[in-house]
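I would like the atomic coordinates for the input below:
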Amino acid sequence: MHSSVVARSTTGVALVGSASVELSWIPLGAGSSVVRANGRMFEAVSAALHRRRTADIYHSALRVAVGDDVYTIEMAPTPDDHGQRRGVVGTGAVGSRRLRRFRLFRYENRCWLDGLIPDWASSVSSTRFPVTSSVAQHLVDLAPMVPTPVWGRDELRAGEMWNSNSVIAWLLVRSGIEVDGIEPPPNGRAPGWMAGIAVARRELVCDEL
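Numbering: from 1, shown residues only. Model prediction:
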């Protein structure tokens, strides 16, 4: 196994003394009116193109407890060049690889020991998976291995764009946690979720060959 690169903060919410993986569904743009407005615009266009009703868009994140250690895992925009303070374990381009040199067009995958997810309190629902310590640790160790294709595109030919939900779904599947039946809250959509599942299962099949 590879060791994850993590940073320590004093702002995390403790889930100590056991092993668990908690999946949370957070409304897109819960902490940003601009992101929320852009998300609604995207969903309106998508719904019109596919001739369906509009839905609420959700962003997923994980909180993983391994003994007394608690990690927060999510994909987020890159606010500065000090990723080690936020447990950054991978970065990728947003929209186009040509624009990656500009911070505005980069995302980061975080696996942050005692880290903070600012919008966690806005979660609409969550699912806690009872897991062994080895499974929880394996998930944490997998964080630096998450694929980092261009956000918003289907470079991995998974059938839909890659985004934050793809990262979370990939980690759950690759760590051996069952995701069948896991869905966002009622009237909600999680674009990218199935892409993460598809890519992870494809890799598992390749590993077995």
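
Can you tell me which helix or strand of this protein has the lowest average pLDDT?
In the chain, no helix or strand scores lower on mean pLDDT, DSSP states H and E than helix 33-50, which sits at a mean of 60.

shaky segments in this protein?
1-17, 29-47, 50 (pLDDT under 70).

quick one: buried residues of stretch 171-179?
Leu171, Leu172, Val173, Arg174, Ser175, Ile177, Val179 (16 or more other C-beta atoms under 10 Å). (Glycine included, C-beta is placed from N, CA and C.)

Oops, could you answer that again for stretch 78-92 instead?
Thr78, Gly83, Arg86, Gly87, Val88, Val89, Gly90, Gly92.

Which residues does Asp56 form beta bridges with?
Beta-bridge pairing for Asp56 (DSSP bridges): Gly188.

Kindly provide the distance from it to Asn187.
6 Å (C-beta to C-beta, to the nearest Å).

before we move on, what about Thr78?
31 Å.

State the distance from Leu122 to His59.
Quick fix: residue 122 is Ser, not Leu. Taking C-beta to C-beta, one finds Ser122 at 10 Å from His59.

same for the host helix or strand of Ala76, what does it pack against?
Assigned by DSSP states H and E, Ala76 belongs to strand 69-77. Here strand 69-77 touches strand 56-66, strand 106-113, helix 133-142, helix 164-174, going by 3 or more C-beta pairs under 8 Å, 6 or more residues apart in numbering; DSSP states H and E.

between whichever helix or strand comes after it and strand 69-77, how big is the angle?
With elements assigned by DSSP H and E, the helix or strand that comes after strand 69-77 is strand 88-93. Taking axes from the mean of the first three to the mean of the last three C-alpha atoms, to 10 degrees, strand 88-93 and strand 69-77 form an angle of 10 degrees between their directions.
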